[in-house]
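Novice: just a sequence and a predicted model for now, questions to come.
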Amino acid sequence: MAVKKNKPFEEQLKRLEEIVNILDAGDAPIEELLKQFEEGMELVKELRNYLNKAELKVIEITKKLEKEIETEDNN
């Protein structure tokens with residue numbers, strides 16, 4: 001199953017949690033467990049990318065605000 005990249009972060013995280021539970025149970029046939037594992041790894045990649053972008057945005061906003069504060073302090 002391919003990961004849908006446009007799903008909200010929370011939905012992707014919930015799906016990853018479901019996959020972890022399936023893998024932990026180990027009740028499914030090995031072929032199904034491998035498919036779940038693959039989907040889980042794709043989700044990890046997508047979630048990590050989302051978090052990296054969010055971190056960069058926070059840094060960008062922080063730098064912008066710091067410059068604004070510095071400019072106001074110099075006036």
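Specialist: Right, received. Where do you want to start?
Novice: can you tell me the helix or strand for residue 33?
Specialist: helix 30-74 (DSSP states H and E).
Novice: quick one: mean pLDDT over that helix.
Specialist: If you average the pLDDT over helix 30-74, you get 94.
Novice: elements contacting it?
Specialist: Helix 30-74 sits against helix 9-25, with contacts defined as 3 or more C-beta pairs under 8 Å, 6 or more residues apart in numbering; DSSP states H and E. C-beta: built from backbone N, CA, C; applies to glycine.
Novice: which other residues reach the helix it packs on?
Specialist: Under the contact criterion C-beta atoms under 8 Å, 6 or more residues apart in numbering, helix 9-25 has outside partners 3, 7, 28, 33, 36-37, 39-40, 43-44, 46-47, 50.
Novice: report the buried members of these.
Specialist: 3, 33, 36, 39, 40, 43, 46, 47 (16 or more other C-beta atoms under 10 Å).
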